[in-house]
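1. Here you go, sequence then predicted model.
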Amino acid sequence: MTDPGGFETAQHPDGWVLAARGDWSVETAPGLDERLRLLVAPGAGPAWIDLSALERLDSAGAWLLHRTRQSLAAAGLDIAFAGVRPEHEGLLNRVIEADKPMAMARARPNALLDLLRHVGEGTLTVLVEARDLLGFFGLTVLVAARTLVRPGRLRFTSLVNHMEQVGLNAMPIVGLLSFLIGVVLAYQGADQLRRFGAELFTVNLLGVSILRELGILIAAIIIAGRSGSAFTAQIGTMKVNQEVDALQALGLDPIELLVLPRAFALILTLPLITFFANLMGLFGGALMSLFVLDISLGQFLRQLQEAVTTTTFWVGMVKAPVFAFIIALVGCYCGLKVKGNAESVGRMTTQSVVESIFLVIVTDAGFSILFSYLEI
Amino acid sequence: MEPVVRVRGLRTQFGAQVILDGLDLDVVQGEVLGVVGGSGSGKSVLLRTIIGLNRQTAGTIEVLGRDTATLGREGMKALRTHWGVLFQDGALFSSLTVAENVQVPMKEHSDLAPALRDELARIKINLVGLPPDAASKYPSELSGGMRKRAGLARALALDPEIVFLDEPTAGLDPIGASDFDSLILNLRQSLGLTVFMVTHDLDSLHAICDRIAVLIDKKIVVGTLDDHLRNPHPWVQAYFRGPRARAALGM
């Protein structure tokens, strides 16, 4: 066991001496550091730091020695190292050499200016993003139109594969959630309407809200979280691996190959998924009505037929392809915007989900306004 | 002299696939040991097993005289402050600046005061030869060579006895690679390091390694370059007498 490091100071006739001994390493540095900072220089004159009793030295200890010598020299002492052992000399010199000034932290800008800069930057980003997304929309429509003229160019294997992934595989989760929403809606509706003795109108509530709004919204939001993010991650990973560059280098169009199959797959399947979500939602509501309100299935269907028309159904369904296009567009756009590294894939995936859900709900509000003008 | 790393009868396997079997290895204090082997021969697995990221199926690993298998959590934590690891691309924490990265081990494993941590981080960053403006930068703002140097500074944060380097010169241009070689030699000399280096770089092997460990057939053969040149094993011959080796070794 080496001596736990320490030092003594003494005034000799020929000068002031700081004698270091024992272990000067990163383990003993905290204690030494504290004591050395309290050290006061005894005025001017010759002095030295005696290292002959030093046993173990590492770069932390060497730094402390060097720092102490410098601060004592600055206080007016004519100070030097003495008795340096040969095994310590290289390290000590290396550390002295490495004592170069360096900015350890960034200069912090004015908080108010920083806030202003953030607001400006954020606003600009939103505008640029909107412009770019619009540009991507135009590009995709153009390529889609070209493909529709020559349908042979559409990749059918890819299309079917994506339809399976975004449509078929999403059915259990969409079905379950719609069913639960139907259950919750029926339960809450029945509770409120019972006060007016109008329990039967729970069916109207269910029919209109699920067919017009909830079925499509739930389907679109789940698909945005599930498939929109997958589009971004898939295309983003291809971007990181330079596969997208490889496609372009081979003279292939990434929009045609990567974006169109995904967009078409989603446009074709989201209406079907929405239809399924509607059915499951109504089924959940019917089941709840049966248990809570004693409305038999026959009664439920009769009341439903009176409450909704085919227009109600189509008002919901007509939104599906539009939402599908938005989700696919944002997912692919964010994927193609990935830059270089894996971290960027994660960031863009998050952005893709947030953006597509935002746009879906904004568009839904737009549809509501449109339909109210059209008095549907 | 007691070896700093002592491996006996090491066996690692993933499922039914045996990567290393019956491997013995001693790393001597103060040496630079280069580990070479074909792709997939288990060089990185060996490194990861010694530093405790993988568990061995059988055999013992002693680092600085302590058996890693019987140490337990606290013992392992203490032992980890005695070695530093440089991963392939530096493996810097991307949300921290270089200076903060270097201070992570100091914060976690020592009682150094914040001011002293700053000073020591500055010394370490200078020691590995990074420019003065690098300390406040984030890893994404650095070049590959600078990231490796910063990774090395973090590995050296607590003045370890041993450093493990995983392909330190891979991906560097020849000038950067030879600079890194001389940096390792220089630090070995001044800090008294023992270096365990997985590498493919024939120039590094020739320039800085005292001994070379060749991983073949799940075991290791250690020796100087001359020993390996005399080894009749076909892979060893192909490696050390191939056209690239001849160019690098000047034969």
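-> Good, I have the coordinates.
2. Look up the pLDDT of the closest residue to residue A:98 other than its chain neighbours for me, please.
-> Leaving aside its sequence neighbours, residue A:98 sits nearest to residue B:126 (CB to CB, 6 or more residues apart in numbering or on different chains; 3.8 Å). All C-beta spots, glycine's among them, are computed from the backbone N, C-alpha and C. With respect to pLDDT, residue B:126 has a value of 88.
3. can you pull the contacts of residue B:126?
-> Going by CB atoms under 8 Å, 6 or more residues apart in numbering or on different chains, residue B:126 touches A:98, A:99, A:100, A:102.
4. mind running it again at 7 Å?
-> By CB atoms under 7 Å, 6 or more residues apart in numbering or on different chains, residue B:126 lies in contact with A:98, A:100, A:102.
5. what does residue A:205 give?
-> residue A:189.
6. can you tell me the helix or strand for it?
-> helix A:202-209 (DSSP states H and E).
7. quick revisit: just the buried residues of the contacts of residue B:126.
-> A:98, A:102 (16 or more other CB atoms under 10 Å in any protein chain shown).
8. wait, which of the contacts of residue B:126 is closest to residue A:16?
-> Nearest to residue A:16 among the contacts of residue B:126, counting by CB to CB, is residue A:98 at 27.1 Å.
9. how near is the closest one to residue B:72?
-> Noted for residue A:98: a distance of 37 Å to residue B:72, by CB to CB, to the nearest Å.
10. can you check residue A:247 too?
-> Taking CB to CB, one finds residue A:247 at 53 Å from residue B:72.
11. the more surrounded of these two?
-> residue A:247 (16 against 8; other CB atoms under 10 Å in any protein chain shown).
12. Excluding chain neighbours, what is closest to that one?
-> Nearest to residue A:247 is residue A:254, by CB to CB, 6+ apart, at 5.2 Å.
13. I'd assumed residue B:147 was in contact with residue B:171.
-> No - counting by CB atoms under 7 Å, residue B:171 stays clear of residue B:147, with 9.8 Å between them.
14. Mind listing the shared neighbours of those two?
-> Counting by CB under 7 Å, 6+ apart, nothing touches both residue B:171 and residue B:147.
15. More neighbours: these two, which one.
-> residue B:147 (21 against 14).
16. mind listing what the closest residue to residue A:42 other than its chain neighbours touches?
-> Among residues not flanking residue A:42 along the chain, residue A:16 sits closest, at 5.4 Å (CB to CB, 6+ apart). By CB under 7 Å, 6+ apart, the contact set of residue A:16 is A:42, A:45, A:47, A:77.
17. now do residue B:101
-> By CB under 7 Å, 6+ apart, the neighbours of residue B:101 are B:92, B:93, B:150, B:154.
18. Let's have those residues in a markdown table, adding distance to residue B:26.
-> Shown next, in a markdown table, are those (distance: CB to CB, whole Å):
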| residue | distance to residue B:26 |
| --- | --- |
| B:92 | 32 |
| B:93 | 33 |
| B:150 | 31 |
| B:154 | 27 |
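19. Can you tell me which of these are buried?
-> B:92, B:150, B:154.
20. rewinding a little: using a markdown table, please lay out the contacts of residue B:126 together with secondary structure.
-> Output for these, formatted as a markdown table (DSSP: H, G, I helix; E, B strand; the rest coil):
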| residue | secondary structure |
| --- | --- |
| A:98 | coil |
| A:100 | coil |
| A:102 | coil |
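21. Could you give me the buried positions within stretch A:135-142?
-> Those would be A:136, A:140, for stretch A:135-142 by 16+ other CB under 10 Å.
22. From chain B, how far off is residue A:4?
-> Residue A:4 is 14 Å from chain B, where distance means CB to the nearest CB, to the nearest Å.
23. To clarify, my last question referred to residue A:201.
-> Residue A:201 is 55 Å from chain B, by CB to the nearest CB.
24. and that residue, how many neighbours does it have?
-> 16.
25. Please look at it and residue A:192 and confirm they touch.
-> No - judged on CB under 7 Å, residue A:201 makes no contact with residue A:192 at a distance of 9.9 Å.
26. Whichever strand or helix holds the residue nearest to residue A:98: which residues count as buried?
-> Under the criterion of DSSP H and E, residue B:126 resides in helix B:114-127. Buried residues in helix B:114-127, defined by neighbour count with 16+ other CB under 10 Å: B:116, B:117, B:118, B:119, B:120, B:121, B:122, B:123, B:124, B:125, B:126, B:127.
27. Stretch A:85-96 too?
-> A:88, A:91, A:92, A:94, A:95, A:96.
28. which residues does the fourth one contact?
-> Okay, so that is residue A:94. B:127, B:190.
29. average pLDDT for the helix or strand hosting it?
-> If you go by DSSP H and E, residue A:94 is part of helix A:86-97. Averaged over helix A:86-97, pLDDT sits at 85.
30. mean confidence score for the next helix or strand along the chain from it?
-> Later in the chain than helix A:86-97, the nearest helix or strand by DSSP H and E is helix A:111-149. The average pLDDT for helix A:111-149 rounds to 92.
31. After helix A:111-149, which helix or strand is next?
-> Counting by DSSP H and E, what follows helix A:111-149 is helix A:156-166.
32. Could you tell me the angle between the helix or strand that that following helix is followed by and helix A:202-209?
-> As assigned by DSSP H and E, the chain's next helix or strand after helix A:156-166 is helix A:171-193. For helix A:171-193 against helix A:202-209, the angle by axes from the mean of the first three to the mean of the last three CA atoms, to 10 degrees is 130 degrees.
33. pLDDT averaged over helix A:171-193 - what is it?
-> 93.
34. same thing with stretch A:280-295?
-> 92.
35. Stretch B:195-208 too?
-> 85.
36. which parts of it are buried?
-> Applying 16+ other CB under 10 Å to stretch B:195-208 flags B:195-208 as buried.
37. Repeat that for stretch A:146-161.
-> A:147, A:155, A:158, A:159.
38. For the stretch 251-376 of chain A, what lies in contact range of chain B?
-> residue A:343 (CB under 7 Å from any CB of the partner chain).
39. how about a cut-off of 10 Å?
-> Contacts of the stretch 251-376 of chain A with chain B, taken as CB under 10 Å from any CB of the partner chain, map to A:340, A:341, A:342, A:343, A:344.
40. these two touch, right, the last one and residue A:337?
-> Yep, that's residue A:344 we're talking about. Yes - using CB atoms under 10 Å, residue A:344 is in contact with residue A:337, at 8.5 Å.
41. residues shared between the contacts of the two?
-> Among the neighbours of residue A:344, those also in contact with residue A:337 (CB atoms under 10 Å, 6 or more residues apart in numbering or on different chains) are A:236, A:239.
42. The two: which has the busier surroundings?
-> Set side by side, residue A:344 and residue A:337 show more neighbours around residue A:337, with 20 against 16, by other CB under 10 Å.
43. right, and the more buried one touches residue A:244 too?
-> No - look at residue A:337 against residue A:244 with CB under 10 Å: they stay out of range, at 11.1 Å.
44. Between these two, which contacts overlap?
-> What both residue A:337 and residue A:244 touch, as defined by CB under 10 Å, 6+ apart, is the set A:235, A:236.
45. now residue B:18, what's its secondary structure?
-> Residue B:18 is classified as strand under three-state DSSP.
46. Pull up the residues of the stretch 151-251 of chain B that are close to chain A.
-> Counting by CB under 10 Å from any CB, the residues of the stretch 151-251 of chain B near chain A are B:156, B:157, B:158, B:159, B:160, B:161, B:186, B:187, B:189, B:190, B:191, B:192.
47. go with 7 Å
-> Residues of the stretch 151-251 of chain B lying near chain A (CB under 7 Å from any CB): B:158, B:159, B:189, B:190, B:191.
48. could you flag which of the residues you listed are buried?
-> Here, 16+ other CB under 10 Å leaves B:158, B:159, B:190, B:191 buried among those.
49. In strands, which of the residues you listed fall?
-> Among those, the subset assigned to strands under DSSP state E is empty.
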